[in-house]
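> mind folding the following:
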Amino acid sequence: MGRPATGQTPVRTVRIGEAWDEAKANAEAEGEKFADVLDRLLRRYNAAARRRRKRAEREAGREP
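Residues are numbered from 1 along each chain as shown. Next up is the predicted model:
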């Protein structure tokens, strides 16, 4: 049974294949909370997506 909801962050439900189990095991082996690993990865993804959008906007502005 999980811990009680704190109301600080919403609960999300996703379907993820085999990569989930390996990633969770790796996080635990490295002494990290799996939720922290996922949060860090999503933040990196979002930052990279923002950079890609900015680059595309700059390139679009240079086109004749």
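> which strands and helices sit next to the longest helix along the chain?
The longest helix of the chain (DSSP state H) is helix 34-62. Where contact means 3 or more CB pairs under 8 Å, 6 or more residues apart in numbering; DSSP states H and E, helix 34-62 is packed against helix 19-29. Backbone N, C-alpha and C define where each C-beta goes, glycine included.
> for the record, mean pLDDT for stretch 15-25?
Throughout stretch 15-25, pLDDT has a mean value of 94.
> buried set for it?
Residues of stretch 15-25 include none that count as buried (16 or more other CB atoms under 10 Å).
> neighbouring contacts of that stretch?
Stretch 15-25 is contacted from outside by 34, 37, using CB atoms under 8 Å, 6 or more residues apart in numbering.
> about what we covered before: and the angle from the longest helix of the chain to helix 19-29?
Interaxial angle, helix 34-62 versus helix 19-29 (axes from the mean of the first three to the mean of the last three CA atoms, to 10 degrees): 120 degrees.
> how far does helix 34-62 sit from the chain's center?
How far helix 34-62 lies from its chain's middle: 11 Å, per CA atoms, centre = their mean, to the nearest Å.
> fine, thanks again, bye for now.
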